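Participant: For reference, the sequence and a predicted model appear below.
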Amino acid sequence: MKMPQNIYMVGIGGIGMSALAQYLKHTGHSVHGSDRDESPVVTMLVQKGIAVSVGHGSIPDDTELLIYSDAVPEINEERVRAKEMGIPQTSYFEALGVISADARTIAVAGTHGKTTTTGMLALILAQTRKEPTAIIGSIVRDFGSNFLPGRPDLFVVEACEYRDHVLKLSPEILVITNLELDHTDYFPDLAALQNTFRAAAEKVSSHGFIITNPNDPNIAPILENVFAKIVDYTHLDVPSLSQIGEFNRMNARAAKAAALTAFPDIAGADADQALTGFQGSWRRGFGQGETPTGAVVFDDYAHHPTAIAKTIDAAREKYPDKKIVVAFHPHLYSRTKSLLLEFAAALTKADIAYVAPIYAARETPDPSVSHHILANAAQNMGGTVDALDSFDIIRNRLLEEGDNTLIITMGAGDIYKVAEQIAD
């Protein structure tokens, strides 16, 4: 399937959808779309000349294809209207697979670190004049966008495992940063998740490469029958970074290994120079400023227990003398329920943690799990963790903290708005 000229996108403010929208506009397509809410991403799209309706939009009569976010169900009003109009529909990852099918593609997958690794890799290739086209899962500060225009035959893309989306892509190089159980509304257990990654790894041809940690016990089983060459990224030297934490140093190693594998003529020193200058991305250890009372405010997308724990550990490494206060917004009832004890243990690492009501996203509420149940589990483990029933209450509690405190808002929902509201 080739991309037609006139395209309408439902859920265009999603981080992947918005990058695809920019690509399509850059390549000469007419792009319109809609999104449920105003957001910084929607604002960015409008500033770039892409028409976005907040709420339900009106599908132009000349629309030839509707692309929908996977968060948009088939009963969505606009998808129903498009069906009535006889307009073909495709999902975001199916469309991404189409536009990258004939290009040399480097896909970055894994449970943690995908966005940072993809951004680092894109920056290395851009600064070494390889001119990549990049689609990234957050707004990278170095580019001011989640899309980097480049050559049509070289793609760097962030690949998600949810609903087997990664299998829509055909990468020459597949990066697997790490592997832990997540997306528990789709994967019932680790074995099911490994099956998806196994299929993705075996899809890479004998001329391709898999950049990963082959000694990781969760990854080793998926590599048993691959055709591609395996490159262990874990022992590469990387320079000092502006991003804190060992997990970001591992992301840098993966990005460097992918760049040098794809282009052996790139000098290691040039890759290191790009990594040293990498400014990071929105909602990945993103500094918001300070509160009126001098507390330092950070925001982070961490929404998995491992990411929460590692982010807190990295914050202690960077700010050893500060009290760490976390405001966590659980994402999905299924994830919170399946990993409840792991979330509780991670939150105990903070000096104080506040838990907001669960962000349902694509799910219906599940009364068997709540932010109160999560907070109680953490309290039983010795943590100072409270469940608070609104962002307003959380914001007021955070504003009580003084200049000896580092505040981190965490989660995949809209908790970042609290950080924006309290920071100067």
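Facilitator: That came in fine, so what should we check first?

Participant: does Gly97 really touch Pro171, like I thought?
Facilitator: No. Taking contacts as CB atoms under 8 Å, Gly97 lies outside contact range of Pro171: 10.3 Å. C-beta here means a position set from N, CA and C on the backbone, and glycine is covered the same way.

Participant: Looking at these two, which is more packed in?
Facilitator: Pro171 (27 against 21; other CB atoms under 10 Å).

Participant: Would you mind measuring from the more buried one to Ser53?
Facilitator: Using CB to CB, to the nearest Å, Pro171 is found at 34 Å from Ser53.

Participant: Now do the strands in the stretch 101-250 of the chain.
Facilitator: Applying DSSP state E, counting those that start in this stretch to the stretch 101-250 of the chain gives strands spanning 104-109, 133-140, 145-148, 154-158, 173-176, 209-212, 229-232.

Participant: Of the ones you listed, which shows the lowest average pLDDT?
Facilitator: Between those, the one with the least mean pLDDT is strand 133-140; it has a mean of 90.

Participant: so who does the residue minimising distance to the centre of the chain touch?
Facilitator: Residue closest to the average C-alpha location in the chain (CA atoms, centre = their mean): Gly137, at 4.5 Å. Gly137 sits next to Ile15, Gly16, Lys114, Thr115, Thr118, Asn146, Glu158, Cys160 when contact means CB atoms under 8 Å, 6 or more residues apart in numbering.

Participant: which secondary element of the protein has the worst mean pLDDT?
Facilitator: The helix or strand of the chain with the poorest confidence is strand 286-290; it has a mean of 77 (mean pLDDT, DSSP states H and E).

Participant: got a winner among the contacts of Gly137 for most neighbours?
Facilitator: Highest neighbour count within those: Thr118, with 32 neighbours (other CB under 10 Å).

Participant: buried sites along the longest helix along the chain?
Facilitator: Across the chain, the longest stretch assigned as helix under DSSP state H is helix 246-262. Residues 247-262 are the ones in helix 246-262 that count as buried (16 or more other CB atoms under 10 Å).

Participant: So in terms of bridging, what pairs with Gly33?
Facilitator: Met9, Val52 (DSSP bridges).

Participant: Is it in contact with Gly55, as I believe?
Facilitator: No. Contact between Gly33 and Gly55 fails when scored by CB under 8 Å: they sit 11.9 Å apart.

Participant: So those two - more neighbours on which side?
Facilitator: Neighbours per residue, other CB under 10 Å: of Gly33 and Gly55, the larger number sits with Gly33, 28 against 10.

Participant: Domain ranges for the chain, per the record?
Facilitator: Domain segmentation of the chain under automatic domain parsing yields 6-95, 102-277, 286-422.

Participant: Show me which of the buried residues of helix 246-262 is closest to Asn195.
Facilitator: Ala254 (22.4 Å; CB to CB).

Participant: can you pull the contacts of the closest one?
Facilitator: Contacts for Ala254 were tallied using CB under 8 Å, 6+ apart; they are Val108, Gly113, Thr117, Leu121, Val175, Thr177, Ile211, Tyr233.

Participant: Distance to Ile352 added to these, as JSON lines?
Facilitator: Shown next, in JSON lines, are those (distance: CB to CB, whole Å):
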{"residue": "Val108", "distance to Ile352": "34"}
{"residue": "Gly113", "distance to Ile352": "27"}
{"residue": "Thr117", "distance to Ile352": "31"}
{"residue": "Leu121", "distance to Ile352": "36"}
{"residue": "Val175", "distance to Ile352": "36"}
{"residue": "Thr177", "distance to Ile352": "30"}
{"residue": "Ile211", "distance to Ile352": "39"}
{"residue": "Tyr233", "distance to Ile352": "36"}
